[in-house]
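*Asks:* Mind looking at a prediction? Sequence and model below.
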Amino acid sequence: MRQEDAAVIIVGGGHAGVEAALASARLGLSTLLVTGDPKRVCTLPCNPSIGGSAKGQIVREIDALGGEMARIIDRCSVHSRFLNESKGPAVRALRALADKPSYARLALEALRGQANLSVVAGLVERLIASAGEIRGVVCAGGSAYFSRHVVLATGTFLGGKTFCGDDVRAEGRFGERPAIGLAASLRDLGFETRRLKTGTPPRIDRETVDVAAMQPQAPSAFPLPFSYRSEPAFAGPQLPCYLTQTNDRTHTFVRANLHRSPLYGLDLIRGIGPRYCPSIEDKVVKFAHNPTHTIFIEPEGWDEQTWYVGGFSTSLPAEIQIEMLHSLPGLERCRMLRAGYAVEYDMVPPTELDDTLQTRRLHGLYHCGQINGTSGYEEAAAQGIVAGINAARSARGEEPFRLERSQAYIGVLIDDLVNKGVDEPYRMLTSRAEHRILLRHDNADLRLTPLGREAGLVSDETWREFSKRRRQLKDAIRLMKSTRTGVSGRSAAEPLQPEQRQRGRGSPADRFSAEIGERAAIEARLESYIQREQMAVARAQQEQGAEIPEHFDYGSIRALSAEAKEKLARIRPRTLGAASRVPGVSPADVAVVSVFMRRATSAGA
């Protein structure tokens, strides 16, 4: 076998691939990123936003671990604001729109400026494997790169196909070739593949929009950075967004042309689409009782001519899309610059993975992002940083990096994927996190920066700043408690007012920064809730944290149902808690496994 070209190879230059590559290289491993067009990394091919409900928390967590996504969006944000503020700090989340050209440029600059990292152009078409281990990749044209640790972050390129009416093309996204051979290579190695579907809406000319006919949506009046390492300053002019509504005319156009839809009448799409981001065709058909649907008109950059039509994803023919757009208030005379389209692609069931995101079938091969059945830039980036850390740690012979459900939304995400699997594109929701009062936007650094430091991704300077911030927060909380201001008696759902957040006024913690004052107020208000949740986590860890031996023989347990035997043997959950979350495994099954584990331990003793 030829000498390795890199300790770790990353395949794909989307958000998952970029975070994986940076993590591996920052841990000191020689890393090679192979992507179709290095100039098109992180192009935000669908919506121009980062963050949102639950997703914003993930971005903060990536940053707390030492990732890059938050810092990139902070340097090119054109519109940011908090969502869900009326619901309290446990679920409020930051969302920001990016200047799309700048976002891609900054991502590429981060890659090119990173030591230990090389980026090459190539479309990976085949995996090289031997004796149950990955050995490298082969690109179209025959170029081969060798490594014992490979991370696949293929996005929608794995067997990708786009649809706009009856116009069907082999594309991973608009104008870019798919990886057809790689999907076949995975199947040849024994991996199951399934088809999923996503889509994007049309883009319109901002100069042809009547904003006076729509409801404006203003950005925050003061800076809201994602990253703990960013200065609280605007990256540039903050731009408004606008809301409009579909109507009976819109819905009539859709219904009258369903026979020309690749999703309905043409029956060309086999992949399952995202439940929480349906196409306008799905909205009209499946939610026919709704007379209107809200449409979001959002800029794609400071100098970009295109505006994004959020909530209007479609694969109907281009000429129908134009008519549909013209039915919307404010868009009666708009010019469509690019039609929307659907994308169908291959994924590998994530139950093929363990909780380090390494495949069980092939040692050294890791999957992250849409290949695991997820949707969203944030979910992809979160998997990318975990896969990159674990590939690097494995290459160095170190223990794997894991996150629990009680530690991070990222932990919830990975646990859901590897133990429950997916039957549609997975999107993170606050409701998926049973400990969400502990997994807040504000405290991601307290939860994860020590873990990022231990993993080797948090620099000395970042650690000093974090330690200082942590000391100040403790002092502010102590001061609040000592002066008994009654802050802790406020409703946990009562939001801080924007002026309090900006100026840090209204509490004894005024002597501290606005950020520290706000965080101390949140901790004080939620103190009793946090304590109860921490006790619940401790109980659950005691009850469910018992680790199941790696080669535990489920087949020998007659009391287990046939379904439980099959799924537990295939998925191999690491703990009793993980076993309890496997679909088809009942609490009684878990109790039986627990009994047999204790017997095996006693016999061994």
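*Replies:* Yep, it's here. Just so we're clear, the structure is a prediction, and the values are computed from it rather than from any experiment. Numbering: from 1, shown residues only.

*Asks:* where does the protein dip in pLDDT?
*Replies:* Scanning the chain for pLDDT under 70 picks out 1, 484-511, 603-605.

*Asks:* Domains in it, by residue range?
*Replies:* 203-344, 459-531, 545-604 (automatic domain parsing).

*Asks:* Turn those into CSV, including distance to A21.
*Replies:* (C-beta placed from N, C-alpha, C; glycine too.) Shown next, in CSV, are the domains of the chain (distance: least, CB to CB, whole Å):
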stretch, distance to A21
domain 203-344, 19
domain 459-531, 18
domain 545-604, 27
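
*Asks:* which of these sits most buried?
*Replies:* domain 203-344 (a mean of 18; mean count of other CB atoms under 10 Å).

*Asks:* how long is that domain from one end to the other?
*Replies:* The first residue of domain 203-344 is 20 Å away from its last residue (CA to CA, to the nearest Å).

*Asks:* Run the chain-centre distance for it.
*Replies:* 21 Å (CA atoms, centre = their mean, to the nearest Å).

*Asks:* Repeat that for stretch 572-590.
*Replies:* With CA atoms, centre = their mean as the basis, the mean position of stretch 572-590 lies at 25 Å from the chain mean.

*Asks:* For that stretch, give me every contacting residue.
*Replies:* Defining contact as CB atoms under 8 Å, 6 or more residues apart in numbering, one finds that stretch 572-590 is touched by 354-355, 360, 415-416, 418-421, 540-541, 543-548, 550, 560-561, 563-564, 567-568, 571, 593-594, 597.

*Asks:* Look at that stretch and report the distance between its end residues.
*Replies:* Using CA to CA, the two ends of stretch 572-590 sit 13 Å apart.

*Asks:* Count residues in the vicinity of R177, would you?
*Replies:* 15 (other CB atoms under 10 Å).

*Asks:* Of the domains of the chain, which is nearest V137?
*Replies:* domain 203-344 (23.0 Å; CB to CB).

*Asks:* does the residue most central in space within the chain sit in a helix or strand, and which one?
*Replies:* Here the mean C-alpha position of the chain is nearest to the C-alpha of E379 (CA atoms, centre = their mean), at a distance of 1.1 Å. If you go by DSSP states H and E, E379 is part of helix 377-395.

*Asks:* Please save the CA atoms from that helix in CSV.
*Replies:* Only the C-alpha atoms of helix 377-395 are listed here, as CSV (Å, rounded to 0.1, in the frame of the first residue of the first chain):
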residue,chain,number,x,y,z
TYR,A,377,-26.3,23.9,7.7
GLU,A,378,-26.1,23.9,11.5
GLU,A,379,-26.8,20.2,12.0
ALA,A,380,-24.2,19.4,9.3
ALA,A,381,-21.5,21.6,10.9
ALA,A,382,-22.2,20.1,14.3
GLN,A,383,-21.6,16.6,13.0
GLY,A,384,-18.6,17.8,11.1
ILE,A,385,-16.7,19.1,14.1
VAL,A,386,-17.5,15.9,16.0
ALA,A,387,-16.4,13.7,13.1
GLY,A,388,-13.3,15.8,12.6
ILE,A,389,-12.3,15.6,16.2
ASN,A,390,-12.9,11.8,16.4
ALA,A,391,-11.0,11.0,13.1
ALA,A,392,-8.0,13.0,14.4
ARG,A,393,-8.1,11.4,17.9
SER,A,394,-8.4,8.0,16.4
ALA,A,395,-5.4,8.7,14.1
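
*Asks:* Packing partners of the helix or strand following that helix?
*Replies:* Per DSSP H and E, the first helix or strand lying C-terminal to helix 377-395 is helix 409-420. Using 3 or more CB pairs under 8 Å, 6 or more residues apart in numbering; DSSP states H and E, the elements in contact with helix 409-420 are helix 55-65, helix 377-395, helix 576-580.

*Asks:* For those, give me a markdown table that also has distance to F312.
*Replies:* Below are the helices and strands packed on helix 409-420 laid out as a markdown table (distance: least, CB to CB, whole Å):
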| stretch | distance to F312 |
| --- | --- |
| helix 55-65 | 20 |
| helix 377-395 | 19 |
| helix 576-580 | 39 |
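
*Asks:* Out of the contacts of stretch 572-590, which sit inside helices?
*Replies:* 415-416, 418-420, 540-541, 543-544, 563-564, 567-568, 571, 593-594, 597 (DSSP state H).

*Asks:* got the end-to-end distance for stretch 127-139?
*Replies:* End to end - CA to CA - stretch 127-139 spans 9 Å.

*Asks:* which non-adjacent residue is nearest N390?
*Replies:* Using CB to CB, 6 or more residues apart in numbering and skipping the chain neighbours, the partner closest in space to N390 is T356 (4.3 Å).

*Asks:* Would you map the helices across the stretch 201-350 of the chain?
*Replies:* For the stretch 201-350 of the chain, the helices defined by DSSP state H, counting those that start in this stretch cover 248-256, 280-286, 318-326.

*Asks:* can you redo those helices as JSON lines with distance to D460?
*Replies:* Putting those into JSON lines (distance: least, CB to CB, whole Å) gives the following:
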{"stretch": "helix 248-256", "distance to D460": "56"}
{"stretch": "helix 280-286", "distance to D460": "50"}
{"stretch": "helix 318-326", "distance to D460": "52"}
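
*Asks:* Relative to T306, which of those is closest?
*Replies:* Going by CB to CB, the one of the helices of the stretch 201-350 of the chain nearest T306 is helix 318-326, 13.2 Å.

*Asks:* related to what we said a few turns ago, wait, what's in contact with the residue nearest to the centre of the chain?
*Replies:* Residues near E379 by CB under 8 Å, 6+ apart: 55, 58, 369, 413, 426-428.

*Asks:* For the longest helix along the chain, name the packing helices and strands.
*Replies:* Looking across the chain with DSSP H, the single longest helix is helix 460-483. Packing partners of helix 460-483 (3+ CB pairs under 8 Å, 6+ apart): helix 444-455, helix 514-525.

*Asks:* CA-only coordinates of that helix in PDB, if you can.
*Replies:* Presented in PDB, the C-alpha positions along helix 460-483 are these (Å, rounded to 0.1, in the frame of the first residue of the first chain):
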ATOM      1  CA  ASP A 460      -4.700  29.700  25.100                       C
ATOM      2  CA  GLU A 461      -6.100  33.100  24.400                       C
ATOM      3  CA  THR A 462      -9.700  31.900  24.000                       C
ATOM      4  CA  TRP A 463      -9.300  29.900  27.300                       C
ATOM      5  CA  ARG A 464      -8.100  33.000  29.200                       C
ATOM      6  CA  GLU A 465     -11.100  35.000  27.900                       C
ATOM      7  CA  PHE A 466     -13.500  32.200  28.900                       C
ATOM      8  CA  SER A 467     -11.900  31.800  32.300                       C
ATOM      9  CA  LYS A 468     -12.200  35.600  32.900                       C
ATOM     10  CA  ARG A 469     -15.900  35.500  31.700                       C
ATOM     11  CA  ARG A 470     -16.700  32.600  34.000                       C
ATOM     12  CA  ARG A 471     -15.200  34.300  37.000                       C
ATOM     13  CA  GLN A 472     -17.100  37.500  36.300                       C
ATOM     14  CA  LEU A 473     -20.300  35.600  35.900                       C
ATOM     15  CA  LYS A 474     -19.900  33.800  39.200                       C
ATOM     16  CA  ASP A 475     -19.200  37.200  40.900                       C
ATOM     17  CA  ALA A 476     -22.300  38.800  39.300                       C
ATOM     18  CA  ILE A 477     -24.500  35.900  40.400                       C
ATOM     19  CA  ARG A 478     -23.100  36.000  43.900                       C
ATOM     20  CA  LEU A 479     -23.700  39.800  44.000                       C
ATOM     21  CA  MET A 480     -27.300  39.300  42.800                       C
ATOM     22  CA  LYS A 481     -28.000  36.700  45.500                       C
ATOM     23  CA  SER A 482     -26.400  38.700  48.300                       C
ATOM     24  CA  THR A 483     -28.500  41.800  47.500                       C
END
